[in-house]
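In: How does the following fold in three dimensions:
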Amino acid sequence: MAKRKRQEKEAAEQPAKNGKGKAVAKPATKKASQESDDEVEMDFDELVAAGGALQQLGAIEAATETFEKALALQPDDVDVMNSLANAYEACEEKAKAILLYEKVVAKVPTTAVAWFALGTLYQEKENLDKAIEAFRKVIDLDDDNASVAFAALANCYGEKGDIDGAVAVFEGAVAKDPVNPKYQYNLATMLVARGSKADQAKAVGIYETALTLETSRQREIYEDLAELFDTMGQHKRAQEARKKMEACPVPQDEEEAEEEASDDSDDDEADDVTTS
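Out: Numbering: from 1, shown residues only. Sure thing, here's the model as predicted:
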């Protein structure tokens, strides 16, 4: 009797063969059902919102993956391209960032922010001709950020060893906005770097113009002017410039830096006394 029961049990455990009987599917467990619910994919708008939130939290890799999913859903969305390119840039995936920014400016050539990002990446890759082209686009499109683009453009010419090109950049900047003290100061600095006597004489006048326009950097301008006078052999004028520099109020950030340096020096002296 026991043998017969054991045989019946074994038969029940075996699957049906040759069409005899029907296999019964096991019902899904509660855990499996829950996992299926968790895998529901977000739609485009949800992915974009999540990517932005992750980016703000500093979770750049997660943000990158999220923007990639969003772009896969809508490959022509320029805003998502921009966001993903920015995320690639933050992840040091510069080649991918360049490709996306190039797509952005191809679709919307008036996007100054993308042109500037592209110029910066080209410059980092030492593709200076393309960087120059990109920064010139920014200058043509965006007056608000033109000063930064002018400086970046001049740096590109400097890296190429083309000081004439750098001078021409700031001559153009001054012509565009003659009351901008940064343009005046940078033009004078470029002329001093080029170094001819005519450039030096011209730089003196431009530094003096910058002094009438700039209040927060007068100490710095007077210091550069004094050094220029020394180079020109005009030591009396250099001395006068330094006196004017000393009469200028020290900017707060310089005062804080001097105080920190003084504190560090006092600490070092105290350590020396303790050691001895």
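In: Pull the number of nearby residues for the residue nearest to residue 52 when sequence neighbours are not counted.
Out: Among residues not flanking residue 52 along the chain, residue 83 sits closest, at 7.0 Å (C-beta to C-beta, 6 or more residues apart in numbering). (C-beta placed from N, C-alpha, C; glycine too.) Residues contacting residue 83 under the criterion other C-beta atoms under 10 Å number 22.
In: what separates residue 83 from residue 97, distance-wise?
Out: From residue 83 over to residue 97 the distance is 11 Å, taken as C-beta to C-beta, to the nearest Å.
In: Also residue 131?
Out: 14 Å.
In: One more: residue 206?
Out: Taking C-beta to C-beta, one finds residue 206 at 38 Å from residue 97.
In: what does residue 48 give?
Out: Residue 48 is 18 Å from residue 97, by C-beta to C-beta.
In: right, and residue 245 touches residue 222 too?
Out: Yes - counting by C-beta atoms under 8 Å, residue 222 is a contact partner of residue 245 at 3.7 Å.
In: Neighbour count for those two, which is higher?
Out: With neighbours defined as other C-beta under 10 Å, residue 245 and residue 222 compare such that residue 222 has more, 21 against 17.
In: So what does the more buried one have for phi and psi?
Out: For residue 222, the backbone dihedrals (degrees, to the nearest 10) come out as phi -60, psi -40.
In: Find the residue at the geometric middle of the protein.
Out: By C-alpha atoms, centre = their mean, the chain has its centre lying nearest to residue 117, at 7.1 Å.
In: give the contact list for it.
Out: 85-86, 89, 97, 101 (C-beta atoms under 8 Å, 6 or more residues apart in numbering).
In: Next one: it from residue 244, what distance?
Out: Residue 117 is 41 Å from residue 244, by C-beta to C-beta.
In: can you check residue 175 too?
Out: Distance of residue 175 to residue 244, given as C-beta to C-beta: 28 Å.
In: Of the two, which one has the most company?
Out: For the pair residue 175 and residue 244, the greater number of neighbours falls to residue 244 (17 against 9), based on other C-beta under 10 Å.
In: Okay, now the unreliable bits of the stretch 101-250 of the chain?
Out: For the stretch 101-250 of the chain, no stretch is flagged by pLDDT under 70.
In: Okay, helices next: where are they in the stretch 1-150 of the chain?
Out: With DSSP state H, counting those that start in this stretch as the criterion, the stretch 1-150 of the chain has helices at 2-13, 30-38, 44-56, 60-73, 78-90, 94-107, 112-124, 128-141, 146-159.
In: Out of those helices, flag the one nearest residue 191.
Out: helix 146-159 (12.1 Å; C-beta to C-beta).
In: could you say what helices and strands the helix or strand following the closest one packs with?
Out: Counting by DSSP states H and E, the next helix or strand C-terminal to helix 146-159 is helix 163-176. Applying 3 or more C-beta pairs under 8 Å, 6 or more residues apart in numbering; DSSP states H and E, we find helix 163-176 packed against helix 146-159, helix 181-194.
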